[in-house]
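Novice: The amino acid sequence is not available; the structure is as follows:
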Ligand SMILES: Cc1ncc(COP(=O)(O)O)c(C=O)c1O
């Protein structure tokens, strides 16, 4: 929903330069209608009446964004007690909540049980013991799926690869049947599903298909052993276009995996995060200084790895464009942040106009794993967040202050 009008960049019908002037930078700006459009494209059913879309809250957990999605009927995928708290506060129904994560504490398990979530995606045998114990203590049965690691390489960055052998996630698929058999003997466990999430920013249907084949094999074997599953949760991971990737649409993803379960009476759960919120957000950065050093040009901006860690952590590419005056001649330059780390950059060797001090750049596709992974490193107060809806806009999280930096210290 980004467009150029009169040499100015707009998100929906609001000028980003205007927002930077009004709220200051760094500033995250989100398009409400892009979020809803992305979510709606996931709603197009392949298996009508048998699908639940659970937004992966970790991608961006701002209350207004969560409210927008819970209001549109989304379920939610959580990974901690804190995420459950945020989800319920924003109106997500516990009956549409799935809970993954390899390190759920006993307290977190109890909290989720007391709130009657749809299913625990359990990642180890010790965890299922803990869930069984907590459920027994509360006098109820815990609905569980095992997260199964199908040992499929999704061909994405190794830090966001979660479904290969040797990573910490899930139960290795060769051990899955035994895990289910063990779980079926536990008094306070109700086996309801199976879960798999193989990684993030996946841009082809192939690895999803291969994982689904492994998972459906397990579902069939379990049925043969008298363990009938209600839910097949195929996780998230659908990629977006940061530069020239051409990821499948949500419908193409479903079309590639759902038929693999033909003949099995199961409902499907998908857990998209990035593909709902990633391209809906930009990070606005103000130019502090221009600098030439070592034969290179640098635009030093007021945001960096503290607000958007992805370039530093994964060498991720984010397109960067001026919020106004993009038609000026371009030079090759690096966009770098103010943090005292050489790894603190937003973009390297980019062709961008040699902006003036005080001008503003927009870092595109910063909606997912941007604010959510931000920090106060170098004692930098976190950015503000704004949501745009047509020609309206509002502040959805205020900028942190120096007082906020020290507020919890004794
Ligand atoms: C279990 C689980 N589900 C869903 C997601 C969301 O993934 P994505 O944002 O790539 O859709 C993640 C993210 O890593 C995850 O760990």
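Specialist: Right, received. Where do you want to start? These figures come from a predicted structure and were not determined experimentally.

Novice: how much space is there between residue 36 and residue 6?
Specialist: As judged by Cβ to Cβ, to the nearest Å, residue 36 and residue 6 stand 27 Å apart. Every C-beta, even on glycine, is put in place using the N, C-alpha and C of the backbone.

Novice: Same question for residue 282.
Specialist: According to Cβ to Cβ, residue 282 and residue 6 sit 18 Å apart.

Novice: a strand runs through residue 292, doesn't it?
Specialist: Yes. Using DSSP: H, G, I helix; E, B strand; the rest coil, the assignment for residue 292 is a strand.

Novice: pLDDT score assigned to whatever residue of the stretch 301-410 of the chain ends up closest to the ligand?
Specialist: Closest residue of the stretch 301-410 of the chain to the ligand, Cβ to the nearest ligand atom: residue 368 (5.9 Å). At residue 368, the model reports a pLDDT of 98.

Novice: hang on, the earlier thing: higher neighbour count, residue 282 and residue 6?
Specialist: Per other Cβ atoms under 10 Å, whichever of residue 282 and residue 6 has more neighbours is residue 282, with 30 against 7.

Novice: what's stretch 336-345 in contact with?
Specialist: Stretch 336-345 is contacted from outside by 288, 298-307, 311-312, 334-335, 346, 377-378, 380, using Cβ atoms under 8 Å, 6 or more residues apart in numbering.

Novice: I meant stretch 324-331, not that one.
Specialist: With Cβ under 8 Å, 6+ apart, stretch 324-331 has contacts from 4, 7-9, 15, 17, 297, 322, 351-355, 359-360.

Novice: Mind checking which of those are in helices?
Specialist: Of the contacts of stretch 324-331, the ones assigned to helices by DSSP state H are residue 17.

Novice: before we move on, which element is residue 111 in?
Specialist: Using DSSP states H and E, residue 111 sits in helix 106-114.

Novice: Which pLDDT value does the model give residue 49?
Specialist: As predicted, residue 49 sits at a pLDDT of 84.

Novice: and the longest helix belonging to the chain, what does it pack onto?
Specialist: Of all segments of type helix in the chain, defined using DSSP H, the longest is helix 206-224. Contact analysis of helix 206-224 by 3 or more Cβ pairs under 8 Å, 6 or more residues apart in numbering; DSSP states H and E lists strand 142-149, helix 176-184, strand 189-195, strand 231-233, helix 250-257 as its packing neighbours.

Novice: mind listing what's buried in that helix?
Specialist: Neighbour-count burial for helix 206-224, counted by 16 or more other Cβ atoms under 10 Å, picks out 207, 208, 210, 211, 212, 214, 215, 216, 218, 219, 222.

Novice: Same question for stretch 98-116.
Specialist: For stretch 98-116, the buried set under the neighbour-count rule, 16+ other Cβ under 10 Å, comprises 98, 99, 100, 101, 104, 108, 109, 110, 111, 112, 113.

Novice: same for the ligand: which of those residues are within range?
Specialist: Among the buried residues of stretch 98-116, the ones lying near the ligand by Cβ under 6 Å from any ligand atom are residue 100.

Novice: before we move on, back to that, among the buried residues of helix 206-224, which two are most distant?
Specialist: Farthest pair in the buried residues of helix 206-224 (Cβ to Cβ) is 207 and 222. Separation: 22.7 Å.

Novice: can you pull the buried residues of stretch 303-320?
Specialist: 303-312, 314, 316-318, 320.

Novice: again, but for stretch 164-180
Specialist: Neighbour-count burial for stretch 164-180 flags 164, 169, 170, 171, 173, 176, 177, 179, 180 (criterion: 16+ other Cβ under 10 Å).

Novice: And for stretch 248-266?
Specialist: Buried residues in stretch 248-266, counted by 16+ other Cβ under 10 Å: 248, 250, 253, 254, 256, 257, 258, 260, 261, 266.

Novice: Could you do stretch 386-403 as well?
Specialist: Going by neighbour count (16+ other Cβ under 10 Å), the buried part of stretch 386-403 is 386, 387, 388, 389, 393, 396, 397, 399, 400.

Novice: filter these down to the ones near the ligand?
Specialist: Contacts with the ligand within the buried residues of stretch 386-403, counted by Cβ under 6 Å from any ligand atom: none were found.

Novice: Report the two of those residues separated the most.
Specialist: The most widely separated members of the buried residues of stretch 386-403, counting by Cβ to Cβ, are 389 and 400 (24.1 Å).

Novice: one step back: and the contacts of stretch 324-331, which two are furthest apart?
Specialist: Largest pairwise distance in the contacts of stretch 324-331, by Cβ to Cβ, is 26.7 Å, between 15 and 297.

Novice: okay, now the residue of the stretch 301-410 of the chain closest to the ligand: neighbour count?
Specialist: For residue 368, the count of nearby residues is 26 (other Cβ under 10 Å).

Novice: wait, what's in contact with the residue of the stretch 101-250 of the chain found nearest the ligand?
Specialist: Residue nearest to the ligand within the stretch 101-250 of the chain (Cβ to the nearest ligand atom): residue 236, separated by 2.7 Å. By Cβ under 8 Å, 6+ apart, residue 236 lies in contact with 56, 77, 197, 200, 270, 271, 272, 273, 274, 275.
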